[in-house]
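A.B. asks: Sequence and computational prediction follow.
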Amino acid sequence: MTTYHGPALVTLATSLLLFLCAAYVGRCRVRFGIRAPATTGHEQFEIAYRIQMNTLENVVLFLPVLWIFTLSFSSWWATTFGCAWLMGRIWYALAYARDPRTRGPGFLLAMLSFAALALGSAWGLGRGLFV
Amino acid sequence: MTTYHGPALVTLATSLLLFLCAAYVGRCRVRFGIRAPATTGHEQFEIAYRIQMNTLENVVLFLPVLWIFTLSFSSWWATTFGCAWLMGRIWYALAYARDPRTRGPGFLLAMLSFAALALGSAWGLGRGLFV
Amino acid sequence: MTTYHGPALVTLATSLLLFLCAAYVGRCRVRFGIRAPATTGHEQFEIAYRIQMNTLENVVLFLPVLWIFTLSFSSWWATTFGCAWLMGRIWYALAYARDPRTRGPGFLLAMLSFAALALGSAWGLGRGLFV
């Protein structure tokens, strides 16, 4: 167990989540007969595509801030908030796939975890700590 | 103030910009009554969505090259070009939101800054410098 | 030639690939007269846009795992699988641009390379090796 083990595992799990979102889009593409390059044509396909895109946007926000937080503040807290973020995003994806109107709570949990990481990073960098 | 402070702050500011683009999409979704998972239906929503997607694409291009440049060339120049890139992207987003035809100059400033970072990284790695 | 030279070059080449995908979208936007913010209206433009988005999704999956693999397992193998991934993605983009039905083999090569990196990273982190 080394210093950056926790955030590295969170990063790997984030990639797995994004991979599963992409796989769900692929499965919906086949099931509902949406031929590439179309991204519309059946509501469940469009839901799958939006889950993937929203997850993608949030991963691009999340990973750099996770690692700046890790390096400027605390690896342990990065792991904790990172796990909370992951749970929020998994909750969001599962709820959205069932009913788009229920995507709120998971989204909020992930957003609050992200806010904690972003504020912690700003504070850590503000104190002049990095690497 | 440590060696990687500047690029870390640029990275954090980039996340903030991407977050604000996503928040603008969310606000347009509510204001123009575009119910998820739709991504069309009102031109200003479509503009907001394109700003977010174009910013996302460019962040994924920018951040890895920013850090390779930092590690292989110069942290100070990475901060300088990174700030120019950020200014270009902010200009692009504000201009695009007002009128899509005016998105050119900000895009160009960001692209030139990115080109400087990419060429510097290639040169830095070519000289065999890294970490 | 230092330890992380290979993965850094793969990262830089990945950015170049993503940049070329974006440039192809831009060229199709002009050639087929698709005015921003529209992303539909001509099939070849939609193909270009899907190539870019799919590449983007996969870059966000790939880069974090490439570097975790590099730090927890082997820089040399990261470079090898990274080059295979790049070749798969280039093949995918060229084939998709010509005929969407031929995008399979390049996609598969990239996916297998990604799977190798992800499994190696999980194994490397499982053994407790990192940085």
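C.D. replies: Received, thanks.
A.B. asks: can you count the residues close to whichever residue of chain A sits closest to chain B?
C.D. replies: Nearest to chain B in chain A, going by C-beta to the nearest C-beta, is A:R50, at a distance of 3.9 Å. For every residue, glycine as well, the C-beta is placed using N, CA and C. Using other C-beta atoms under 10 Å in any protein chain shown, A:R50 has 19 neighbouring residues.
A.B. asks: I'd like the distance between the closest residue to chain C within chain A and C:Y49.
C.D. replies: For chain A and chain C, the shortest gap (C-beta to the nearest C-beta) falls at A:P37, measuring 3.9 Å. Distance from A:P37 to C:Y49, counting by C-beta to C-beta, to the nearest Å: 7 Å.
A.B. asks: Repeat that for A:P105.
C.D. replies: Counting by C-beta to C-beta, the gap from A:P105 to C:Y49 is 32 Å.
A.B. asks: cool, and A:L108?
C.D. replies: 31 Å.
A.B. asks: Look at those two and report which has more neighbours.
C.D. replies: C:Y49 (22 against 13).
A.B. asks: Tell me who's in contact with that one.
C.D. replies: A:P37, C:V25, C:C28, C:T39 (C-beta atoms under 8 Å, 6 or more residues apart in numbering or on different chains).
A.B. asks: pLDDT score assigned to it?
C.D. replies: Note on C:Y49: pLDDT of 95.
A.B. asks: how about it, phi and psi?
C.D. replies: Taking degrees, to the nearest 10, you get phi -70, psi -40 for the backbone angles of C:Y49.
A.B. asks: A:H42 is in contact with A:R29, isn't it?
C.D. replies: No: taking contacts as C-beta atoms under 8 Å, A:H42 lies outside contact range of A:R29: 9.4 Å.
A.B. asks: Settle it for me: which of these two has more neighbours?
C.D. replies: More crowded of A:H42 and A:R29, by other C-beta under 10 Å: A:R29, with 19 against 15.
A.B. asks: Phi and psi next, for that one.
C.D. replies: Torsion angles, degrees, to the nearest 10, at A:R29: phi -60, psi -40.
A.B. asks: ok, and the closest non-adjacent residue to it?
C.D. replies: A:F45 (6.5 Å; C-beta to C-beta, 6 or more residues apart in numbering or on different chains).
A.B. asks: and if you look at A:W67?
C.D. replies: A:P7 (6.4 Å).
A.B. asks: Over to A:L20?
C.D. replies: Among residues not flanking A:L20 along the chain, A:A93 sits closest, at 8.0 Å (C-beta to C-beta, 6+ apart).
A.B. asks: The one you found: which element?
C.D. replies: helix A:75-98 (DSSP states H and E).
A.B. asks: Name the residues of that helix that come out as buried.
C.D. replies: A:75, A:78-79, A:81-82, A:84-86, A:88-93, A:95-97 (16 or more other C-beta atoms under 10 Å in any protein chain shown).
A.B. asks: And stretch A:113-131, by the same measure?
C.D. replies: In stretch A:113-131, counting by 16+ other C-beta under 10 Å, buried: A:S113, A:F114, A:A116, A:L117, A:A118, A:G120, A:S121, A:A122, A:G124, A:L125, A:F130.
A.B. asks: near chain B too, which of these?
C.D. replies: A:A118, A:S121, A:A122, A:L125, A:F130 (C-beta under 8 Å from any C-beta of the partner chain).
A.B. asks: And the average pLDDT for the strand or helix carrying A:S15 is what?
C.D. replies: Element membership of A:S15, judged by DSSP H and E, is helix A:5-31. Throughout helix A:5-31, pLDDT has a mean value of 95.
A.B. asks: That one vs helix A:75-98, what angle?
C.D. replies: Per axes from the mean of the first three to the mean of the last three C-alpha atoms, to 10 degrees, the angle that helix A:5-31 makes with helix A:75-98 is 10 degrees.
A.B. asks: hmm, back to that, so how far is whichever strand or helix holds the residue of chain A closest to chain B off the chain centroid?
C.D. replies: Using DSSP H and E, A:R50 maps to helix A:43-72. Relative to its chain's centre, helix A:43-72 lies at 4 Å (C-alpha atoms, centre = their mean, to the nearest Å).
A.B. asks: Nothing else from me, thank you.
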